[in-house]
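>>> Mind folding the following:
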Amino acid sequence: MPTPLIKICGLSTPESIAAAADAGASHVGLVHYAPSPRHVDIARAAALRRAVPSHVKAVLLVVNMAADALAQAVEAIRPDVVQFHGRETPRECAAFRAATGLEVWKAKGIKTPADLAQAQDYAGAVDRLLYDAPAGKLPGGQGIALDWSLLASYRHTIAWGLAGGLNAENVARAVRQTKAPLVDTSSGVESAPGIKDVDRIKAFCQAALQI
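Got it, this is the predicted structure:
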């Protein structure tokens, strides 16, 4: 089984970005969504983006942003990937992708087989689906795992990744069960909401890379 790609999301300091890159992460996520404890404003996100090594992709996570505001954020931050984590439709994702040429991901909360089937509406509109636990008060970063058995034998028609409640203790088991080609963690490598722990980042990456 191929070693999964690794995204460490919700980073807010140069030190945590360096830790993720040094530990083997392929992607680092910057959250631009004010209600989140991991929110970074545009100026800070742009500065953090400049700290991302060239071999690591920077992912900008946004939620239901107005088109003009999103365009300004993308111009300032210059991410490699934009991850939509709200109510963005396949048509909206496809239009943004066509207009910018950027890699586009769409996060979808999955609770039932019907949710998984409905997510396939994004095929052709995005470059990757990111399966997460259903949204609560916030659309992600809640430390809640989805039911991995939903993905265990699913025949995927689009690139995808697994998020939701992943940490160093369960990521290897999650990948073995789902065959996820990419794993994404945020709260699973924190000492408190929004505070990344360098040792937990390292442990998570080691666990994922040793599969």
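>>> Can you give the contact residues for the worst-scoring helix or strand of the chain on mean pLDDT?
Lowest by mean pLDDT, DSSP states H and E among the helices and strands of the chain is helix 149-152, with a mean of 92. Outside helix 149-152, the residues that touch it by Cβ atoms under 8 Å, 6 or more residues apart in numbering are 110, 112-113, 116, 131, 162, 177-180. For glycine as for every other residue, the C-beta is placed from the backbone atoms N, C-alpha and C.
>>> would you say residue 174 is within a strand?
No - secondary structure of residue 174 (DSSP: H, G, I helix; E, B strand; the rest coil): helix, not part of a strand.
>>> Find me the pLDDT at the residue nearest the centre of the chain, would you?
Residue closest to the average C-alpha location in the chain (Cα atoms, centre = their mean): residue 184, at 5.3 Å. At residue 184, the model reports a pLDDT of 98.
>>> Tell me where this structure has strands.
5-8, 27-31, 57-62, 81-84, 103-109, 128-132, 160-162, 182-185, 190-192, 195-196 (DSSP state E).
>>> Any chance of CSV for those, columns distance to residue 51?
Below are the strands of the chain laid out as CSV (distance: least, Cβ to Cβ, whole Å):
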stretch, distance to residue 51
strand 5-8, 13
strand 27-31, 9
strand 57-62, 9
strand 81-84, 16
strand 103-109, 20
strand 128-132, 23
strand 160-162, 23
strand 182-185, 19
strand 190-192, 19
strand 195-196, 14
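>>> Between these, which one is closest to residue 47.
In terms of Cβ to Cβ, the element of these nearest to residue 47 is strand 27-31, at 10.2 Å.
>>> Across the sheet, point out what pairs with residue 183.
Under DSSP bridges, the beta-bridge partners of residue 183 are residue 6, residue 162.
>>> which of the residues in the least confident helix or strand of the chain are buried?
Within helix 149-152, the residues scored as buried using 16 or more other Cβ atoms under 10 Å are 150-151.
>>> Any stretches of the protein with poor pLDDT?
Applying pLDDT under 70 to the chain picks out residues 135-143.
>>> mind running it again at 90?
1-2, 133-146, 152-153, 157, 210-211 (pLDDT under 90).
>>> separation between the residue nearest to the centre of the chain and residue 97?
Between residue 184 and residue 97 the distance is 20 Å, computed by Cβ to Cβ, to the nearest Å.
>>> what do you get for residue 26?
Distance from residue 26 to residue 97, by Cβ to Cβ: 20 Å.
>>> Please name the bridge partners of the nearest residue to residue 157 once chain neighbours are set aside.
Among residues not flanking residue 157 along the chain, residue 123 sits closest, at 5.7 Å (Cβ to Cβ, 6 or more residues apart in numbering). Here residue 123 sits in beta bridges with residue 126, going by DSSP bridges.
>>> Sounds good, over and out.
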